[in-house]
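**Student:** one predicted model, sequence on top.
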Amino acid sequence: MINAFVHIYSGNDVPQNEAHQLDSIPATGDTIAFDSSSKFYLVLGVTRNYFDSAKFAVDLYVKATSQSEWIQSIK
């Protein structure tokens with residue numbers, strides 16, 4: 001499992017931050033869900049932390065989105 005620190009942007013200037021365990025590292029442009037609550041997040045950016053003292057292997061920058069909003073954006 002990969003320790004990820006997730007920065008969730010939802011319209012305000014200050015992101016909500018959460019820690020999550022991931023099976024793999026998503027790519028920019030992927031959509032992810034952390035549970036079955038039907039909340040989807042669009043991955044805006046990924047930072048891999050390769051330094052020894054890093055608490056998290058990855059920082060993810062995501063934006064809350066709905067599945068229908070995401071589908072409309074790719075049409």
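**Tutor:** Happy to help now that I have it.
**Student:** all the strands of the protein, residue numbers only.
**Tutor:** 2-9, 16-22, 31-32, 40-48, 58-65 (DSSP state E).
**Student:** what is the burial count for Thr47?
**Tutor:** Neighbour count for Thr47, taken as other Cβ atoms under 10 Å: 14. Any C-beta I mention is one placed from the backbone N, CA and C, and that applies to glycine too.
**Student:** tell me the contacts of the closest residue to it other than its chain neighbours?
**Tutor:** Nearest non-adjacent residue to Thr47, counting by Cβ to Cβ, 6 or more residues apart in numbering: Asp59, 4.2 Å away. Counting by Cβ atoms under 8 Å, 6 or more residues apart in numbering, Asp59 touches 4-7, 46-47, 49.
**Student:** residues in contact with the nearest residue to Asn3 once chain neighbours are set aside?
**Tutor:** Excluding its sequence neighbours, the residue lying closest to Asn3 (Cβ to Cβ, 6+ apart) is Phe56, at 4.7 Å. Contact analysis of Phe56 by Cβ under 8 Å, 6+ apart lists 3-5, 19, 49.
**Student:** by neighbour count, which of these wins?
**Tutor:** That'd be Ala4 among the contacts of Phe56, by other Cβ under 10 Å, with 21 neighbours.
**Student:** so it makes contact with Ala57?
**Tutor:** Yes - contact criterion Cβ atoms under 8 Å: Ala4 and Ala57 qualify, at 7.0 Å.
**Student:** if we can go back for a sec, ok, what's across the strand from the residue nearest to Thr47?
**Tutor:** Per DSSP bridges, the residues bridged to Asp59 are Phe5, Thr47.
**Student:** distance of it from Glu69?
**Tutor:** Computed as Cβ to Cβ, to the nearest Å, the Asp59 to Glu69 distance reads 24 Å.
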